[in-house]
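Trainee: Fold the following for me, if possible:
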Amino acid sequence: MRLRLFIVTLISCFLIGTTGCQESIAWLGAAVFQANAKAADSGPAEQLVRTGLHARPRMRVGYVPRPKLGTKFLGRQDLGHHGYRPNLSERNGLVYTCKAGHIDIAHARKAADWTAFLAAKTYHNLIENETDFSFELYEPSRYFVQLTYPDNWNDISKEARDRIAHRIAIDLGQYLAFTGLTWHEIITWFGYKSKGLVSERPSAFTWEDTFSNLFGTHVAGLALEDTKHPYNEAVTRILDKELQRLEVQPGHTSKSAAQSVRGSWYSMKLFLTEMKKRNFDLGLDDGFVTPTLIPSVCACEGAQAQLLPIPNLESLSDHGFSVTLKIEPKIWEQDIILDIIKRDRTRRSNRIEPAIHFAPIIDYIRTEAIKKYGPEVDK
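Mentor: Now for the predicted structure:
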């Protein structure tokens, strides 16, 4: 253990000079935290749902889409090899695609890994016939999942139960990951500070956030069906394939696209950034998230936005299952959020049900944003 810590520290010192302090600290923390995690390359990605993972996904450093010291604008050739555990190949930053605008690769990778982790957790509970389980992401909020099984579940053959549980686990893993990452955006809007001091409100629901998170769950869903390649390789291959489908551009185009909307979409004063453009589309109205395209990107002339469907739970209802998800905030900012949904704060259980409460919360946030930034804030 001491030798591993020494080697990790040595590598991190090198990374501080090449990738930046914040990303290096995150890399070091993940290397120690995931030291005993089961390797994600020990078998086909499709089996990872059944075998599970010993450690939660690691943190990655995301980027606000504005040119600033430390912000990385990349092309598909720069992304390296995906790693559930830290590796020296993986690189993260902002890419620009003609059909989906900017995509934060760190957000996408994080969403993919949480999908895999939560799919495996769901599968285990389904196989054990558990009706309730809970989990946490990074912030101090707990998610409670309640499953209702079909009456004939125990009459189905073991092979059929395994096949159904695998399908449901992937779909529910995508749903739980997307919901959890959306919750993170919500609480940062209301003032939650994951780093303790610095407000993260400028980064809440920036124009690429929601699509990046959703894109990552989409990539993971495809990767976890791969019966030939290990998980990390499957994610690497599918991430590259999907970015090409969205017509990904070189890094210099990603940077120039962000520069072209300075003043109108965001402004910068010294070390402070004010984000004026947001994207609050969670697909709650039509089941699709519409990405934000930057106008007048010469390489993307005439491109149309590629809508992406949000995770659905049709596979559960198709097989007679139902699920209820609730969130217990456990954050300082919870009172204002609970007030929005008009919950009685005298009740002992103050939990948020995303399927019911995300819509009014987003409406409140959007109204606030329009008052501050104008009616074009999310157009």
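
Trainee: just the helices in the stretch 1-150 of the chain please.
Mentor: According to DSSP state H, counting those that start in this stretch, the stretch 1-150 of the chain carries its helices in the segments 2-19, 21-33, 45-51, 105-127.

Trainee: Run through who's touching the third one.
Mentor: Outside helix 45-51, the residues within contact range by CB atoms under 8 Å, 6 or more residues apart in numbering are 38, 40, 42-43, 116, 119-120, 123, 162, 166, 169-170, 173, 223-227, 229-231, 233-235. The C-beta positions use only the backbone N, C-alpha and C, and glycine is treated the same way.

Trainee: do the same with stretch 69-78
Mentor: Residues outside stretch 69-78 that contact it (CB under 8 Å, 6+ apart): 20, 22, 63-65, 67, 91-96, 105, 240, 243-244, 248-255, 258.

Trainee: Where does the prediction get shaky in the chain?
Mentor: Low-confidence segments of the chain, defined by pLDDT under 70: 1-39, 196-197, 343-349.

Trainee: So what are the structural domains in it, by residue number?
Mentor: 1-33, 43-123+157-186+195-311+356-373 (automatic domain parsing).

Trainee: Let me have the ones you listed in JSON lines, extended by mean neighbour count and distance to residue 143.
Mentor: Output for these, formatted as JSON lines (neighbours: other CB atoms under 10 Å; distance: least, CB to CB, whole Å):
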{"stretch": "domain 1-33", "mean neighbour count": "15", "distance to residue 143": "20"}
{"stretch": "domain 43-123+157-186+195-311+356-373", "mean neighbour count": "19", "distance to residue 143": "6"}
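
Trainee: show me what contacts the residue lying closest to residue 113 once chain neighbours are set aside?
Mentor: Leaving aside its chain neighbours, residue 113 sits nearest to residue 57 (3.6 Å; criterion: CB to CB, 6 or more residues apart in numbering). By CB under 8 Å, 6+ apart, the contact list for residue 57 reads 84, 110, 113-114, 116-117.

Trainee: so where do the strands sit in this protein?
Mentor: Listed in chain order, the strands of the chain (DSSP state E) span 94-97, 101-104, 132-136, 142-148, 266-269, 272-275, 288-289, 308-309, 322-328.

Trainee: Residue 183: which of these is closest?
Mentor: strand 322-328 (6.1 Å; CB to CB).

Trainee: got the buried residues for the closest one?
Mentor: Using 16 or more other CB atoms under 10 Å as the test for burial, strand 322-328 gives 323, 325-328.

Trainee: Out of those, which is nearest to residue 350?
Mentor: Of all the buried residues of strand 322-328, residue 350 sits closest to residue 328, with 7.3 Å by CB to CB.

Trainee: and the closest one, what are its bridge partners?
Mentor: When assigned by DSSP bridges, residue 328 has beta-bridge partners residue 142.

Trainee: tell me the phi and psi of the nearest residue to residue 79 once chain neighbours are set aside?
Mentor: Setting aside the residues directly before and after it, residue 79 is nearest to residue 91 in space (CB to CB, 6+ apart), at 5.7 Å. With angles defined as degrees, to the nearest 10, residue 91 sits at phi -130, psi 140.

Trainee: try residue 353
Mentor: Main-chain torsions, residue 353, degrees, to the nearest 10: phi -110, psi 100.

Trainee: count of neighbours near it?
Mentor: Burial of residue 353 is recorded as 13 neighbouring residues (other CB atoms under 10 Å).

Trainee: contacting residues around it?
Mentor: The contact partners of residue 353, by CB under 8 Å, 6+ apart, come to 324-327.

Trainee: how about those residues in TSV, adding distance to residue 199?
Mentor: Listed next are these as TSV, based on distance: CB to CB, whole Å:
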residue	distance to residue 199
324	33
325	28
326	27
327	22
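
Trainee: Residue 208: which of the residues you listed is nearest?
Mentor: Nearest member of the contacts of residue 353 to residue 208, counting by CB to CB, is residue 327, at 23.9 Å.

Trainee: does residue 104 have beta-bridge partners, and which?
Mentor: residue 94.

Trainee: Hmm, residue 97 and it touching each other?
Mentor: No: using CB atoms under 8 Å, residue 104 is not in contact with residue 97; the gap is 11.8 Å.

Trainee: In this protein, spot the helix with the most residues.
Mentor: If you go by DSSP state H, the chain has its longest helix at helix 158-189.

Trainee: which other helices and strands contact that one?
Mentor: Under the contact criterion of 3 or more CB pairs under 8 Å, 6 or more residues apart in numbering; DSSP states H and E, helix 158-189 touches helix 45-51, helix 105-127, strand 142-148, helix 209-223, helix 314-318, strand 322-328, helix 354-373.

Trainee: Please repeat the previous calculation with a cut-off of 6 Å.
Mentor: Counting contacts by 3 or more CB pairs under 6 Å, 6 or more residues apart in numbering; DSSP states H and E, helix 158-189 packs against helix 105-127, helix 209-223, helix 314-318.

Trainee: In a markdown table: these, plus distance to residue 189.
Mentor: Formatted as a markdown table, these follow (distance: least, CB to CB, whole Å):
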| stretch | distance to residue 189 |
| --- | --- |
| helix 105-127 | 16 |
| helix 209-223 | 11 |
| helix 314-318 | 30 |
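
Trainee: Name the nearest residue to residue 239, sequence neighbours excluded.
Mentor: Nearest residue to residue 239 in three dimensions, chain neighbours excluded: residue 219, at 5.3 Å (CB to CB, 6+ apart).

Trainee: what's the spacing between that neighbour and residue 153?
Mentor: Per CB to CB, to the nearest Å, residue 219 is found 30 Å from residue 153.

Trainee: before we move on, what about residue 63?
Mentor: Per CB to CB, residue 63 is found 45 Å from residue 153.
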